[in-house]
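# Okay, predicted coordinates and the sequence, questions at the end:
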Amino acid sequence: MLKIVGYPDRFSVAPGETINFKISVEEGDGFDARMVRVVHGDCNPEGPGLKFVHVPTNADGRHPGKVQRIDAGSFMRVDGFPALAAAPFTFVTMLWPTLLKRDDQTLLCQWDAASGSGIRIGVAAGGRVEVTFADNGALSTVVTDRAMLEREWYSLVVGVDPANRQVTIDQRPLVPYAQTGDSFSGTFTLDVAPPAIEAPLFLAGCPMADGTVGRHFDGKIDGPALLSGLHAPAVHDALLRRPLDPTLATHVIARWDFSRDIRSLRCVDIGASGRDGVLVNLPTRGMKGWNWTGEEHSWSKKPEHYGAVHFHSDDVYDAGWETSVSVEIPADLRSGPYALHVSCGESDGEATREDYLAFFVRPPRDRKARVNRPKVVFLAPTCSYIAYANHAEHITARGVEVLMNRMVNFGHSDLYMYEHPELGGSLYDTHADGSGVAYSSRLRPILNFTAQYHSWLGGHGSAVYQYNADTHFFDWLEHQGIDYDVITDEDLHEEGLELLNGYQVVMTGTHPEYHSTRMWDAMKAWIDRGGRLMYMGGNGWYWRVAFHDELPGAIELRRAEDGIRPWIAEPGEYFHSFNGEYGGLWRRIGRAPNVMAGVGFIAQGFDISSYYRRAPDADNPRAAFIFEGVPDEIIGDFGLVGGGAAGIELDCITRELGSPPNMLRLASSEGHSAMMLLVNEEFGPVPPNLGGDQNTRVRADLAFGETPAGGAIFATASIAWCGSLSHNHYDNNVSKITANVLRRFLDAEPFAGGET
Amino acid sequence: MVYKIDADEDRKYVEEFRRLPIGEHSPGLQRVLNIMRLDRGGIQYILVCRKRFEEYVIGRMPPDRSDPIEIEDDKVFATREEAEWEMFCRRWREHTGESINRPFKDE
């Protein structure tokens, strides 16, 4: 288990700036900290071992620490709301519950946790609507005897008469089923009259005595409204008519239209009083409502069909922890990968008491200050790190052992993750209610974004994936004495092409899978202007993501239509709520990975890796510089990731998907096992020969091609490639090929772009 | 119909697995493993790494995340392969009723 966890307030910091770390210490009252440059985070004894270089800063030394917790669960809050208990009122809403085994869920409440007073309308275990009145700790609850069904729309009308301690509940399914009995209509008298209180109004959550918000609702809410006075159930239909009956309008206390301002956190009150709500912890917006017909799939085209917000009891955006230590980045510090090493004691078999909280030091923000910069930059795939943040399919899904073809590894981090679902999931996980996690943020402890994390997912051997796999490349760059800058995906999204200008070579990580449109456009524009891309991994430029206008560090993904999808977006919910763009695979909007990197995703398998065999194009004079000193027929039959350079996820040249016609196939991998499987988007009818032992399409193509502007693309086409760089003390053909390419790419001489 | 592991037919794969628990398997062994590894009750046996690359134990993850993972502290493995063999032997017994009674490594 972990005794210390934390996160920085940013992934990218410039020299001279301050980065704040939020730490939770489970043992003792303090921790030691020191900043390090991260060179190699893989402690596999078969490799070069852990390498960190201490960087003296103001953070060196002991700091006070304490336990900090995450208050997960999304809700809407309206401050300054009038006291509901002062007079009779009616609550109407459409709802679509999704996790009815959970007890004590809140639909709406006005609740003062300190005095134990208020009114709460909710859902009891099994799906029965309940209403609670409370007066200074005295509670009275009534509950219906007709349960709702999960994932069905219901109209709910609750009339509340506080002074007379009476409630009337009317629950009607949108789709009636025979022999089901999920309608209810009835009146109850409670034992307690709630006092009129000054307190915020909440939807989908309730203030708790400990200061948190709990009793969350899992499911969709659409069109909630509060009316003064008691109304018959037919009032719900009347509210939906246009134009609204002016007599009814005078009764509207508040009426929230979630189809307005979908890109924001604001919940617009379309009543006359402007009692707008604010969403907390990122419930999912742009969700189809009760009235979605399928005629339109984009919320921006027909917002009135997208009036639902999907709340989850395990949503989280910002853990909001107090800063434990602020680190002033030295003004003259090299750009690169760094971490704050924090520790609260010695680790042992029961617990890990240290962590390396990762971040990157970027070049100065002021362009004028960027003098004598390196010509090569590493694009840290932070969108992919965030997409995989706390990747917990080994917990939230079953069948992972079959896919990994070996037992599922749980280190201390994974055990901690299991016990702390409030950390929030990755874009691979499902919420507790089974719906996909469409939003992920970096403002929370991310247990797999750290050196020393050995994943359940990486290839046999080092079992590293994403960040820690990328440290194999950091180590090689350091060993080669390469001076390089680092920028992050978020930097590229914010600053665009201008950030890339001035660099001759961009190097990627091992798995740069997720990109926003601005990132994609900037990278393509830079390549088209003569940039040289070293694509050091596999399955890159695969999914399209969106950043939020107001919330730094949050990204959105819709697993739409096709691709390797651990969850599948609901029909009609393929458009990002953050920006209205169509989500899913880049390939599905005509920008297959091949268009960017010359190769595209073809196969995946997570146990063992294989090797490349030299292909005829290796002897093309255009590729001579790549194979200088490499006469070998077999390339990369060694490595820390699955024992070979071709593994985990593979790409190949496909002309039909946009691979440039001049791409040279330098080498192709072979000898893959039956567990290296062709990816879904590559077939229609399911073929029986999906595995690499029977399918010749299952291969990585080591590729190179020039661009018309004198630039070039080099693609390793395999996530495992970088795991082979350090073999035999860095003296091997994978290392030589990589060094040859980098050397030539750093040569200003343009590549021949004309007729060949 | 899903294949049922047959002790007589599949015994030949036991030694293959013992020689190479993690790696490319014959189609027959792969089928046995795929069937062994799917627990329809939602229980997942896991490999708990107590010290990286040094010390492993077997754990049992329940279907419901609110229930704790059970960890078998009494049997410690120095490599993942040893743990894989232990798991294979247990599952072989579960599917065939037979005990393998062979150590992972010959003395």
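Nice, I can see it.
# what's the helix or strand for A:Asp355?
strand A:354-361 (DSSP states H and E).
# And that strand, how far out from the chain middle?
19 Å (Cα atoms, centre = their mean, to the nearest Å).
# Give me the mean pLDDT for that strand.
Averaging pLDDT along strand A:354-361 gives 98.
# Over to stretch A:692-712?
Computed over stretch A:692-712, the average pLDDT equals 97.
# try stretch A:102-114
For stretch A:102-114, the per-residue pLDDT averages 97.
# Find the nearest non-adjacent residue to the residue in the stretch 501-650 of chain A positioned nearest to chain B, please.
At 5.6 Å from chain B, A:Ile608 is the closest residue in the stretch 501-650 of chain A, using Cβ to the nearest Cβ. Yep, even glycine has a C-beta here, placed from its N, CA and C like the rest. Among residues not flanking A:Ile608 along the chain, A:Gly642 sits closest, at 4.5 Å (Cβ to Cβ, 6 or more residues apart in numbering or on different chains).
# what's the helix or strand for the residue of chain B most remote from its centre?
Going by Cα atoms, centre = their mean, the residue of chain B most distant from its centre is B:Ser66, 24.8 Å out. Using DSSP H and E, B:Ser66 sits in no helix or strand.
# which parts of the helix or strand hosting B:Gly28 are buried?
Assigned by DSSP H and E, B:Gly28 belongs to helix B:27-36. By neighbour count on 16 or more other Cβ atoms under 10 Å in any protein chain shown, the buried set for helix B:27-36 is B:29-30, B:32-36.
# Now do it: everything it contacts.
A:402, A:405, A:674-675, B:2-5, B:10, B:12-13, B:16-17, B:25, B:88, B:91-92, B:95 (Cβ atoms under 8 Å, 6 or more residues apart in numbering or on different chains).
# how near is A:Phe75 to chain B?
21 Å (Cβ to the nearest Cβ, to the nearest Å).
# Grab the nearest non-local neighbour of that residue.
A:Gly205 (3.0 Å).
# and the gap between that neighbour and chain B?
For A:Gly205 relative to chain B (Cβ to the nearest Cβ), the value is 20 Å.
# List the buried residues for stretch A:14-27?
Those would be A:14-15, A:17, A:19-26, for stretch A:14-27 by 16+ other Cβ under 10 Å.
# How about stretch A:270-282?
A:270-271, A:275-277, A:279-282.
# and the closest residue to chain B within the stretch 201-350 of chain A, what does it touch?
In the stretch 201-350 of chain A, the residue that lies nearest chain B is A:Gly349 (3.9 Å; Cβ to the nearest Cβ). Residues near A:Gly349 by Cβ under 8 Å, 6+ apart: B:50-51, B:55.
# among those residues, which are within reach of chain A?
Among these, the residues within reach of chain A (Cβ under 8 Å from any Cβ of the partner chain) are B:50-51, B:55.
# Could you list the low-pLDDT ranges of the chain?
Went with chain A since none was named. A:754-756 (pLDDT under 70).
# try chain B instead
Using pLDDT under 70, chain B drops low at B:107.
# Around chain A, which positions in it sit nearby?
Counting by Cβ under 8 Å from any Cβ, the residues of chain B near chain A are B:21-25, B:27, B:30, B:33-34, B:37-39, B:42, B:44-53, B:55, B:59, B:61, B:65, B:68-69, B:80, B:83-84, B:87.
# could you flag which of these are buried?
Here, 16+ other Cβ under 10 Å leaves B:21-25, B:30, B:33-34, B:37, B:39, B:44-50, B:52-53, B:59, B:61, B:69, B:80, B:83-84, B:87 buried among the residues of chain B next to chain A.
# all strands in the stretch 51-200 of chain A, in order from the N-terminus.
A:51-55, A:61-64, A:75-78, A:89-97, A:105-112, A:117-124, A:128-135, A:138-143, A:154-161, A:166-173, A:184-189 (DSSP state E, counting those that start in this stretch).
# CA atoms only for stretch A:550-565, dumped as PDB, please.
Taking Å, rounded to 0.1, in the frame of the first residue of the first chain, the C-alpha atoms of stretch A:550-565 are listed here in PDB:
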ATOM      1  CA  GLU A 550     -12.500  26.800 -18.200                       C
ATOM      2  CA  LEU A 551     -10.900  23.900 -16.500                       C
ATOM      3  CA  PRO A 552      -7.100  23.400 -17.000                       C
ATOM      4  CA  GLY A 553      -5.900  19.900 -17.200                       C
ATOM      5  CA  ALA A 554      -9.200  18.200 -18.000                       C
ATOM      6  CA  ILE A 555      -9.700  16.300 -21.200                       C
ATOM      7  CA  GLU A 556     -12.700  14.600 -22.800                       C
ATOM      8  CA  LEU A 557     -13.000  11.500 -24.900                       C
ATOM      9  CA  ARG A 558     -16.000   9.900 -26.500                       C
ATOM     10  CA  ARG A 559     -15.400   6.300 -27.400                       C
ATOM     11  CA  ALA A 560     -17.400   6.600 -30.600                       C
ATOM     12  CA  GLU A 561     -18.100   4.400 -33.500                       C
ATOM     13  CA  ASP A 562     -15.000   2.300 -33.800                       C
ATOM     14  CA  GLY A 563     -11.600   1.300 -32.400                       C
ATOM     15  CA  ILE A 564     -10.300  -0.600 -29.400                       C
ATOM     16  CA  ARG A 565     -13.000   0.500 -27.000                       C
END
